[in-house]
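Asker: Got a predicted structure here, sequence first:
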Amino acid sequence: MATARDLRDWIALLEREGELVRVSAAVDPKLEVTEIVDRTVRAGGPALLFENPKGAQHPLLINQFGTEKRMCLAFGVDSLDDVAAKLGEILELQPPEGLAAKVRGLKTLKSIADSRPRTVKRGASQEIVLRGDDVDLGRLPVQTCWPGDAGPFITLPAVITRDPRTGQRNVGMYRMQVLGPRSTAMHWQIHKDGRADYLFTEGRMEVAVALGLDPISAYSASAPLPKHIDEFMMAGFLRGEPLDLVKGVTVDLEVPANAEIVLEGYIDKGELTDEGPFGDHTGYYTPAEQFPVFNVTAITMRKDAIYPSIVVGKPLQEDAWLGKATERIFLPAVKMTVPEIVDYDLPVAGAFHNLCIVSIKKAFPGHAKKVMHALWGLGMLSLTKGIVVVDEHVDVHDYAQVMFYVGANVDPGRDVVITEGPLDHLDHAPTLQFIGGKIGIDATAKGPLEGTREWPPEIEMSDDVRELVDRRWSEYGIDWSSLTVPVARNGRISQSSRRLLRR
Ligand SMILES: Cc1cc2nc3c(=O)[nH]c(=O)nc-3n(C[C@H](O)[C@H](O)[C@H](O)COP(=O)(O)O)c2cc1C
Ligand SMILES: [Mn+2]
């Protein structure tokens, strides 16, 4: 399946698939859009294109990522695991043996080389150029999302910076509070790459912000890649086509040629502002905190530019699906460092940094604890507050099953690890910001070398009896298709109880 080239192509695809509703009624980007989207996301509803946001000159697109189906459409796959498989192929590239393997290896290498962005002369994103006093962020339907928010926030930006030491590009999704017609705050948190670029810069730093990209490029800005990897290169690889970039009109940075809107400008080291409060994806307001000021020197746009937005808040919100995409797509990378990992799940209700459930092929005493510490040392997973480890046969996505093993297999005195480490910037629970306690629960079956008594066998019906009952089922005359049972026959959790759990 081909992926969308740009936001318009994506909107057309969503429309063809019946996945987008146009709203022509005049709707206020202040709070009203949030309430509409909140209801739509929770119902698994469509993307919304607000054609007449009150007080603004551009339409607002929201909930483009709000279901697993749309995420799959964005990546052109049937399942997000297919995206993971594509990345896994490069990670597992081995010295090839035999001609066929060599040819496959070369093809894979070429696909990486071909993923680097292309520089082009002209871009639709610069059809309209507003500089100096013509710059007015008030044209855009920037949402004030929640009643306690300090003001309007740009919530779905791809923020482009450069590492002054290496010249390497970074693209990150960092919300931007609008402070005036030509300035915003830049909320890059303490662990983020854009922030590191800022800290390495002396004096003035150029910054560009792309709004309204094809969905894969927009997603890539939120992906937790190692600092030296260009998110736009990953986007090119996942799109199967490199991203076209064009030189900025007032900054020496390259910007997406097909973006709907680009904000160009600079950040002066040490020019800080109060940012927030903001109703965050933690489900709480994060309090005001000092962040750098982004001064806008130019807005460039396509004709009739469309402004993209997203609401974060108490889970479930649209960003859950961006997080789920990351969970799936990064599994091969996690396994590359910790190969005994079979699967993992970052529950949406855990806002992604609070809880990780992981299944392992356990091979030695203390193995589960080894995996906890490995995850606490791995990229952004290092910020995870709680880790539950289960054996390989447990379905980490089935929370009732996981609960069963946490209850059944754990002696809290022996199997709970309490330690300390860095925590998410936004976590309000720890006594100190950024650092605090961690909990690991080893819910695997224990062996004699772990000092336990004999571990009893788990109850399973024998295969021959299962097959017998399958064969004879119709003879019994038992029909329960009309009944709704909270836990389905196969022990998996049913859709209805999944919905209950989400509340
Ligand atoms: C909708 C959305 C909003 C986000 N807002 C912020 C933010 O304001 N500040 C921040 O540091 N990270 C934010 N993130 C997470 C970052 O985008 C993510 O950590 C990304 O990996 C950052 O890029 P980097 O690794 O190049 O720094 C947000 C993610 C999403 C999906
Ligand atoms: Mn990065």
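Answerer: Cool, the structure landed. Numbering: from 1, shown residues only. Ligands and ions are numbered 1, 2, ... in the order given.
Asker: Low-confidence stretches in the stretch 351-500 of the chain?
Answerer: 481-500 (pLDDT under 70).
Asker: now with 80?
Answerer: 480-500 (pLDDT under 80).
Asker: where do the strands sit along it?
Answerer: 355-360, 386-391, 416-422, 435-442 (DSSP state E, counting those that start in this stretch).
Asker: which helices and strands sit right next to the last one?
Answerer: Read it as strand 435-442. With contacts taken as 3 or more Cβ pairs under 8 Å, 6 or more residues apart in numbering; DSSP states H and E, strand 435-442 sits against helix 367-375, strand 386-391, strand 416-422. No exception for glycine: its C-beta is placed from N, CA and C like everyone else's.
Asker: tell me the angle of it relative to strand 416-422?
Answerer: Counting by axes from the mean of the first three to the mean of the last three Cα atoms, to 10 degrees, strand 435-442 lies at 150 degrees to strand 416-422.
Asker: Name the surrounding residues that touch strand 435-442.
Answerer: 368-369, 372, 376, 384-389, 406, 409-410, 415-423, 427, 429-430 (Cβ atoms under 8 Å, 6 or more residues apart in numbering).
Asker: so Glu275 sits right up against Gln290, yeah?
Answerer: Yes - using Cβ atoms under 8 Å, Glu275 is in contact with Gln290, at 7.1 Å.
Asker: higher neighbour count, those two?
Answerer: Glu275 (25 against 10; other Cβ atoms under 10 Å).
Asker: where does the more buried one fall, phi/psi-wise?
Answerer: Backbone torsions for Glu275, taken as degrees, to the nearest 10, come to phi -110, psi 140.
Asker: and what of Gln168?
Answerer: phi -70, psi 140.
Asker: cool, Glu318 as well?
Answerer: phi -60, psi -40.
Asker: Likewise for Leu87?
Answerer: Dihedral angles (degrees, to the nearest 10) for Leu87: phi -70, psi -40.
Asker: do Leu61 as well
Answerer: Dihedral angles (degrees, to the nearest 10) for Leu61: phi -100, psi 130.
Asker: can I assume it is in contact with Ile310?
Answerer: No - applying Cβ under 8 Å as the test, Leu61 and Ile310 come out as separate, 9.6 Å apart.
Asker: out of the strands of the stretch 351-500 of the chain, nearest to ligand 1?
Answerer: strand 416-422 (13.7 Å; Cβ to the nearest ligand atom).
Asker: Identify the residues contacting Arg70.
Answerer: Per Cβ under 8 Å, 6+ apart, neighbours of Arg70: 14, 19, 47, 64, 321.
Asker: And the pLDDT for it?
Answerer: Looking at Arg70, its pLDDT reads 98.
Asker: likewise Ser220?
Answerer: Ser220 is given a pLDDT of 97.
Asker: need the residues of the stretch 51-200 of the chain near ligand 2, please.
Answerer: 170, 193 (Cβ under 5 Å from the ion).
Asker: So which residues on the stretch 51-200 of the chain come close to ligand 1?
Answerer: 155, 170, 172-175, 187-189, 192-194 (Cβ under 6 Å from any ligand atom).
Asker: quick one: Arg42 and Pro315 touch, right?
Answerer: No - using Cβ under 8 Å, Arg42 is not in contact with Pro315, being 10.0 Å away.
Asker: Among the two, which residue is more densely surrounded?
Answerer: Ranked by neighbour count (other Cβ under 10 Å), Arg42 and Pro315 place Pro315 first, with 18 against 14.
Asker: Checking the more buried one next. Helix, strand or coil?
Answerer: coil (DSSP: H, G, I helix; E, B strand; the rest coil).
Asker: quick one, what contacts Met336?
Answerer: So Met336 contacts 91-92 (Cβ under 8 Å, 6+ apart).
Asker: Now it: phi and psi?
Answerer: Per degrees, to the nearest 10, the backbone of Met336 is at phi -60, psi -40.
Asker: and the closest residue to ligand 2 within the stretch 1-150 of the chain, how far is that from Lys107?
Answerer: The nearest approach of the stretch 1-150 of the chain to ligand 2 comes at Pro117, 14.6 Å away (Cβ to the ion). Distance check for Pro117 against Lys107: by Cβ to Cβ, to the nearest Å, it reads 21 Å.
Asker: Among the two, which residue is more densely surrounded?
Answerer: Pro117 (19 against 10).
Asker: quick one: the longest strand along the chain to chain centroid distance?
Answerer: Using DSSP state E, we find that the single longest strand of the chain is strand 289-301. How far strand 289-301 lies from its chain's middle: 24 Å, per Cα atoms, centre = their mean, to the nearest Å.
Asker: Partner strands of it and their direction?
Answerer: If you go by DSSP bridges, strand 289-301 pairs up with strand 128-131 (antiparallel), strand 183-185 (antiparallel), strand 261-268 (antiparallel), strand 272-275 (antiparallel).
Asker: Out of those strands, which one sits most buried?
Answerer: When those are scored by mean count of other Cβ atoms under 10 Å, the highest mean neighbour count falls to strand 183-185 (a mean of 25).
Asker: How about whichever residue of the stretch 1-150 of the chain sits closest to ligand 1: what's its closest non-neighbour residue?
Answerer: Distances between the stretch 1-150 of the chain and ligand 1 by Cβ to the nearest ligand atom are smallest at Phe65, namely 8.7 Å. Computed as Cβ to Cβ, 6 or more residues apart in numbering, the closest residue to Phe65 that is not its neighbour in sequence is Trp321, at 4.8 Å.
Asker: how many other residues sit next to whatever residue of the chain ends up closest to ligand 2?
Answerer: Of all residues in the chain, Asp193 sits closest to ligand 2, at 3.6 Å by Cβ to the ion. Using other Cβ under 10 Å, Asp193 has 24 neighbouring residues.
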